[in-house]
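The following comprises the amino acid sequence and a computationally predicted model.
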Amino acid sequence: MSDRSVLETFAARLGARGADFSRWSPEHAAEARALLVRSAEARALEAQTRALDDLIARAATADVPNGLAFRIVADVASRRSERFEWLLGSPRRFGLAGASFGAAAVAAGVLIGAFATPQTSDYASAGVDFGPALVVAVADEDI
Amino acid sequence: MSAVLRLVADSSGGSSVAAAELMRPDRAAADEDDALMARVAEGDQRAFARLVARHSPRAQALAHRFTGSASEAEEIVQEAFWRVWRSAGRWAAGGAMFSTWLHRVVVNLCVDHDRRRRIRRLLPFADAFDPPSDEVGAERVAAGRDEMAAVRADIARLPARQRAALLLSAEGERSNAEIARVLQTSEKAVESMLVRARRTLRDKLSRRGEI
């Protein structure tokens, strides 16, 4: 492998894992340390990456607001309480909705029944095609 | 509940709540998290408070740097812990580490938040919906008076997944394989995101003469 391609590989590993060799595989870290001894260009690359890593690490820190954990637990308690109250109120809510739905269903049923119920109990004259099958089934039961 | 709140208040009083102890991403810490999740599944509020105390600082920092806003970050972290509470019954101990799963939830919420924010910006009166970021303004960044604010602004402009990968990597404790598990992608994909994110930042810093 030429020095150029060794340096390119080193630069690619620096980009992927940073300048902290503890994040590298032991084999790659050993290669990198050997390269740093003999190559000024490698040392410059490593120094630049280390400076960038330090900057990123400092930029990534953030103060933890006081009372954060307290507020998180309080938030979860509040959500649990809301859910519990919602469930407690459910029978009433569903009762009202159920009654409304039931009344509407009964009214619709009466209307449909008035217009769609056959005027005769004769299945054939009512034109209901499952009539004969039902008659046969009832007849079978009788047997 | 008040006892639980007191417990959390005590443990969150200082922002450096035994950070090293809270953040160990090793198996022992993961086992402790599994045990706490098992208790949370039984409705143990103290165990939940303990999980919050252990993991909320890191989740908050990640969300803060992702969104650029402490208050929006807190909303995201609250939502994430609400999901922890609701999902505890389905938690499988010994599988994925709790911290990995929590950070996956936080990152997904952050990415969703980012998407909604970009959509809102297309709407008329977008400013009325978008709370101001608590970072410094563009003019100050352009003037180069605050290098750290400038770097944070650069990070905030990275594509969402690159930003998440970079911020997770910047914590310094996660391997790329672990970051890949958080982002639900391959290690190669994470490496590619990190290469592109670092290149973008290096170019911007270089243009400003900061590196």
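Here it is on my side, so go on. Numbers count the residues shown, from 1 in each chain, chains lettered A, B, ... in the order given.

residue ranges of the helices in chain B, please?
B:2-12, B:19-23, B:27-41, B:45-67, B:70-87, B:98-121, B:126-129, B:138-142, B:147-156, B:160-170, B:176-183, B:187-207 (DSSP state H).

Out of these, which is closest to residue A:106?
helix B:70-87 (39.0 Å; C-beta to C-beta). Using the backbone N, CA and C atoms, a C-beta is placed for each residue, glycine as well.

which strands and helices sit next to the one helix or strand residue A:44 maps to?
Assigned by DSSP states H and E, residue A:44 belongs to helix A:40-60. On a contact count with 3 or more C-beta pairs under 8 Å, 6 or more residues apart in numbering or on different chains; DSSP states H and E, helix A:40-60 meets helix A:3-17, helix A:26-38, helix B:45-67, helix B:147-156, helix B:160-170, helix B:187-207.

Need the contact partners of it.
A:7, A:10-11, A:14-15, A:18-20, A:32, A:35-36, B:61, B:65, B:147-148, B:151-152, B:155, B:166-167, B:170-172, B:198, B:201-202, B:205, B:210-211 (C-beta atoms under 8 Å, 6 or more residues apart in numbering or on different chains).

and the helix or strand just after it, does that touch chain B?
Next along the chain after helix A:40-60, taking DSSP H and E as the criterion, comes helix A:68-88. Yes. Judged by C-beta under 8 Å from any C-beta of the partner chain, helix A:68-88 and chain B are in contact via A:68-77, A:79-80.

so where's chain B uncertain?
Scanning chain B for pLDDT under 70 picks out B:1-25, B:124-145.

Can you say which of the contacts of helix A:40-60 are buried?
Buried by 16 or more other C-beta atoms under 10 Å in any protein chain shown: A:10-11, A:14-15, A:18-19, A:32, A:35-36, B:61, B:65, B:147, B:151-152, B:155, B:166-167, B:170-171, B:198, B:201-202, B:205, B:211, out of the contacts of helix A:40-60.

how many other residues sit next to residue A:33?
When neighbours are counted by other C-beta atoms under 10 Å in any protein chain shown, residue A:33 registers 13.

Can you tell me which of the residues of helix A:68-88 next to chain B is nearest chain B?
Minimum distance to chain B across those is 3.6 Å, recorded for residue A:69 (C-beta to the nearest C-beta).

Make sure the closest one is actually in contact with residue B:51.
No. At 9.6 Å, residue A:69 does not count as touching residue B:51 under the criterion of C-beta atoms under 8 Å.

Could you check which of those two has the larger neighbour count?
The neighbour count for residue A:69 versus residue B:51, taken as other C-beta under 10 Å, is higher for residue A:69 (31 against 25).

ok so, going back, compare the helices and strands packed on helix A:40-60 and give me the one nearest residue B:180.
The nearest among the helices and strands packed on helix A:40-60, by C-beta to C-beta, is helix B:187-207 at 4.6 Å.

Next, the buried residues of that closest one.
For helix B:187-207, by 16+ other C-beta under 10 Å, it's B:189-198, B:200-202, B:204-205.

Export stretch B:87-98 to CSV, keeping only CA atoms.
Below are the C-alpha coordinates for stretch B:87-98, written out as CSV (Å, rounded to 0.1, in the frame of the first residue of the first chain):
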residue,chain,number,x,y,z
SER,B,87,-44.3,0.5,27.6
ALA,B,88,-42.8,-0.9,30.8
GLY,B,89,-45.2,-3.9,30.7
ARG,B,90,-43.8,-4.9,27.3
TRP,B,91,-40.1,-4.4,28.2
ALA,B,92,-38.0,-7.5,27.6
ALA,B,93,-35.1,-7.7,30.0
GLY,B,94,-31.7,-8.8,28.6
GLY,B,95,-32.5,-7.5,25.1
ALA,B,96,-31.7,-4.0,24.0
MET,B,97,-30.2,-1.8,26.6
PHE,B,98,-32.7,0.6,28.2
